[in-house]
Each structure stands twice: as C-alpha cells, then as structure tokens.
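Enquirer: Provided below for reference: sequence and predicted model.
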Amino acid sequence: MNILMATNTFFPHVGGVARSVLGFSRELRRRGHRVVVVAPTFEGMPETETDVVRLPAIREFSGSSFSVPVPVPGRVSRALRSLQPQVIHSHHPFLLGETALRVAAARCLPVVFTHHTLYERYTHYLPGESPRLQRFAVDLATGYANLCDAVIAPSGSVAQLLRERGVEAPIAVIPTGVDLALFSPGDGSSLRQRLGIPATAFVAGHVGRLAEEKNPLFLARAAARFLRESPAAWFLLAGAGPDRDAMVRVFEAAGVGGRLCRLGILDAQELVAAYRAMDVFVFASQSETQGMVLTEAMAVGTPVVAVDGPGVREVVRDGANGRLLASLDEPAMAAALVAFAGLEPARRQELRAAALATAAAFSMEETAGRLLALYRELTVGRPRPRAMELGRWSASRRFFEEEWKILRNLARAAEEALRVRNHGDGQP
C-alpha cells in the first residue's frame, strides 16, 4: 500500500506527534508498504532522508520548539507523482493538514486524521492567548475531523471527548505503539554509575518535553519535596524545553539540586538506559491524548506515578502498575513517591510485572496492524487514481469544493469564538 503522511512536526523534533509518525512509518515500511512523509525542516535533521519531503519552515515559532511549514506545491506534486498514494494520513488540522485535504480532494482519496493533541492546551504559544482562542482551537479541530473519512483517537477517553465536541466522522481508537524489542527490561546500572548515582539509591525520574502544557513546575516542586523527605533518593530529568532551567531552579531552591541528574535530548539507546535507571517514572501532564512515555517506561518494567488525565488513565492502573493521582496535588505526589521508595522488593516486582504486561498490549506490531486494517477498510471499493478518467474541469471542481469546505470550517470556528465572547462563556 502507498501512504502519504502529512505532519507539522517530525524528527528530530522532540514530541509525541513526531515520534508517532516516525514509529508508524518505520513499522509500515518494515512490512513492505511505502510511506512518504511530508514535514517541515527542523534544525539538526539528517542531510539525506528516504521518502521524506521537507518543506521550508519558520523555525522556533513564537518562542516554541515548533516549526511552521510553508507549503511548496511543486515539492508535494513531485512526491505524489512518484508515490501514487492510496490513502492520505493527516496528523494536524491546519497548515499541512489543509494540504492533505486538498491532495485527497483532487485525487478522490480517503483522508485519515489522527487527533494527537488537545489543541486548546497549546494556545499559550500564540500571541493574544484567551478563552476565545481556546474555543477557536477546539472548533477548528472538530470541524477538520468532520471533513475526513475517519478519525483516529489515541485513547478511549479522547474518542469520547471528540464525540462530545461534535465529531461525526467514524472514530477508531488506535494508540501509538511501543517498540518492545527496543524498550525491553535491562540493567540501568551503567548509566547510574556514569551519573554518580549510588547503586542502592532509589531513583525517580521523568522524560519529556519540558514546556508549560506538561505541568513541569508542578512536577519539579513535588519531586523536590520528595527528595527533601527521602535523603537517599535521586531524581533523573531527561529532555529539553523552555521550562527546563526553571525546573532546575526549583530543585536548587529546595536544597536538593545535588541529587538532580540532568540529561538533555536522548537518542533511542540512551532513552532506554534512562528508563532502566529509574525505579519509578513520574508524570504530571494533563494535556496528553495518550502519553507515549508511560508505555515506554512500562516496557522496561518501570512503574509510573501520574496525575489522572486523558490518555493517562488508559495506561496507569492505580495500585496495579503504579499510582494514578486524582489531581495536581504536590503533597500527594510527593507522598506517593515516598511510599514507592519504601516498598518491599516483592511488591516492587509485582508492579514491574504488571507494567510489562500493560506495555505488551501497546506493542507497535499490534497498533500498526490496526492502522493498516483501517486504511484497507477505507480504500476498498474506491477507484484507483490511475484508473480514473478525470477531466481538468472535474478535478478543479473537486479542488475548489474542498477549498470552500476548509474556508467554511475556519469561518465557523471564528464565528463560534465570537459567539462565546458575546455570551460571556470563556470555557472551551
């Protein structure tokens, strides 16, 4: 099968969407399918890539680590001539997401949209952030979803949320899988030794993008409280983002900076080593649709302490493979970590076994199979592009019909935002 994926974030950008696109594309190619990814340029990207079309982009948009692509029709058209896609998979409802709709309309192809992100949680990256802008983000994503043939929700809680918001297109729950061959149990002692962590120390840790929507300062304050109450414990922090330095200052102000080990962006092998070096993984974000780092940590046998939220509650089972806290409560999270540090070896082993069992249900082999089944379901009975006798007029008509749908979706989202303002309802 020939698949075109359109995404506004891709390797080497650090984030769930980029890792999802990279993981699925690798697994589908391994199975013999051809996947072409259309994505923006990012600093540090490989000089040569196979089946990746890079578009010029405005980098570090509005102070973030994101790139905003500038669509170049010629580059996309050349890729389409080579690929002859059978299905279009969009990973965003704007920018290259709109390109995906136009390509599909011109070629009578099905469009799949993965609703990776709760976009209203990211409006702080835009100038003039407000409740109206959050409402606009919700309505824009909902309207886009209804222009597609199918929508993928990474978790059941997100699927329910999309239905409540008015998504009428068919929804399939398909999380991003974890590579169990890479993320497997092992010894993290070598990394501990390199970082100067005592072999017998209890290590809590976190991996991720350190930005406002992930609640990083809450996590830092709770972890610092835990370290104060557990003088022999350490904390391992891996990742990068605008709030990294502020997090470090929280640990230093609490007098526990000497037991904070800082790692930056890690390659695949280093990431696995970091998970293995931890006795418990700590997670505070409530903006996730899945939380891929949770299944990665569990795949090496590391249990999780997390705050309840969409995508998190499908992975963390309170008392079985970790602790699921009801709210952002610093003392409660610190107390949960203290309790983990005091567990008997037999209880720790029970939690590790449950974590491994959870990760097995999220294997990339399993989830990629479900994705392929959805692709095939959408392409059955549709004419192949090469066999279609399309005149220039009919192709243009479909193109402009889709363009009108896009513009109408933007207008409806803006109209709804204004209506909310006029009625005084500021909640998305």
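Expert: Done, it's in.

Enquirer: Am I right that His33 is in contact with Asn2?
Expert: Yes. Counting by CB atoms under 8 Å, Asn2 is a contact partner of His33 at 7.4 Å. In this view, the C-beta of every residue, glycine as well, is placed from N, C-alpha and C.

Enquirer: For Trp234, see how far away the nearest residue to Tyr119 once chain neighbours are set aside is.
Expert: Counting by CB to CB, 6 or more residues apart in numbering, Ala137 is the residue found nearest to Tyr119 once chain neighbours are left out, at 4.1 Å. Separation of Ala137 from Trp234 (CB to CB, to the nearest Å): 39 Å.

Enquirer: quick one: Leu325 and Phe218, what's the gap?
Expert: Distance from Leu325 to Phe218, by CB to CB: 11 Å.

Enquirer: Look at the two and report which has more neighbours.
Expert: Using other CB atoms under 10 Å as the criterion, Leu325 and Phe218 rank with Leu325 on top: 21 against 18.

Enquirer: Contacts only, for that one.
Expert: By CB atoms under 8 Å, 6 or more residues apart in numbering, the contact list for Leu325 reads 305-308, 332-333, 336.

Enquirer: Show me those that map onto helices.
Expert: 332-333, 336 (DSSP state H).

Enquirer: most surrounded residue in the residues you listed?
Expert: Met333 (26 neighbours).

Enquirer: dump the residue contacts of that one.
Expert: Listed by CB under 8 Å, 6+ apart, the contact set of Met333 reads 219, 222-223, 226, 282, 284, 305, 307, 325.

Enquirer: Farthest-apart pair in these, please.
Expert: Using CB to CB, the contacts of Met333 reach their maximum pairwise distance at Phe226 and Val307, which is 14.5 Å.

Enquirer: Skip the chain neighbours and tell me the closest residue to Leu227.
Expert: Nearest residue to Leu227 in three dimensions, chain neighbours excluded: Val256, at 4.0 Å (CB to CB, 6+ apart).

Enquirer: Correction: the previous question concerned Ala368.
Expert: Spatially, and ignoring its direct neighbours in sequence, Ala368 is nearest to Glu27 (4.2 Å; CB to CB, 6+ apart).

Enquirer: where does that neighbour land on pLDDT?
Expert: Note for Glu27: predicted pLDDT of 97.

Enquirer: Ok, Pro170 next?
Expert: pLDDT recorded at Pro170 is 96.

Enquirer: Name the nearest residue to it, sequence neighbours excluded.
Expert: Excluding the flanking residues, the one nearest Pro170 by CB to CB, 6+ apart is Ala150, at 4.9 Å.

Enquirer: For the one you found, list the residues it contacts.
Expert: By CB under 8 Å, 6+ apart, the contact list for Ala150 reads 110-113, 169-172, 374, 378.

Enquirer: swap in Ala297?
Expert: Counted by CB under 8 Å, 6+ apart, Ala297 has contacts 207, 275, 278, 281, 303-304, 355.

Enquirer: For this protein, just list every one of the helices.
Expert: For the chain, the helices defined by DSSP H occupy 16-30, 73-83, 96-107, 131-145, 156-165, 189-195, 216-229, 244-253, 268-277, 292-299, 330-341, 345-360, 364-379, 392-423.

Enquirer: Go through these and name the closest to Pro56.
Expert: In terms of CB to CB, the element of the helices of the chain nearest to Pro56 is helix 73-83, at 9.2 Å.

Enquirer: orientation of the closest one relative to helix 96-107 in degrees?
Expert: 60 degrees (axes from the mean of the first three to the mean of the last three CA atoms, to 10 degrees).

Enquirer: what sits up against helix 73-83?
Expert: Outside of helix 73-83, the residues within contact range by CB under 8 Å, 6+ apart are 2, 4, 34, 36, 38, 53, 55, 99, 103, 107.

Enquirer: Selecting buried members of the residues you listed in ChimeraX, what would you type?
Expert: Restricted to buried positions by 16 or more other CB atoms under 10 Å, the ChimeraX selection for the contacts of helix 73-83 reads:
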select :4,34,36,38,53,55,99,103,107
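
Enquirer: Which of the contacts of helix 73-83 fall within strands?
Expert: Among these, the members found in strands (DSSP state E) are 2, 4, 34, 36, 38, 53, 55.

Enquirer: Closest to Val17 out of the residues you listed?
Expert: Using CB to CB, those come closest to Val17 at Val38, 13.7 Å.

Enquirer: Quickly note the distance from the closest one to Leu371.
Expert: Distance check for Val38 against Leu371: by CB to CB, it reads 18 Å.

Enquirer: Arg29 too?
Expert: Applying CB to CB to Arg29 and Leu371 gives a distance of 13 Å.

Enquirer: Ok, Ala150 next?
Expert: Per CB to CB, Ala150 is found 11 Å from Leu371.

Enquirer: quick check: domain ranges of this protein?
Expert: 2-177+364-423, 189-360 (automatic domain parsing).

Enquirer: how about TSV for the ones you listed, with distance to Phe183 added?
Expert: Shown next, in TSV, are the domains of the chain (distance: least, CB to CB, whole Å):
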stretch	distance to Phe183
domain 2-177+364-423	10
domain 189-360	4
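
Enquirer: Let me know which of the ones you listed is tucked in deepest.
Expert: Stretch with highest mean neighbour count among the domains of the chain: domain 189-360 (a mean of 20; mean count of other CB atoms under 10 Å).

Enquirer: one step back: ok, of the contacts of Ala297, which one's closest to Val158?
Expert: Distances from Val158 to the contacts of Ala297, taken by CB to CB, are shortest for Val304, at 18.8 Å.

Enquirer: How about the closest one: what's its closest non-neighbour residue?
Expert: Spatial nearest neighbour of Val304, excluding adjacent residues (CB to CB, 6+ apart): Gly322 at 3.8 Å.

Enquirer: Please tell me how far the one you found sits from Gly16.
Expert: Going from Gly322 to Gly16 by CB to CB gives 19 Å.
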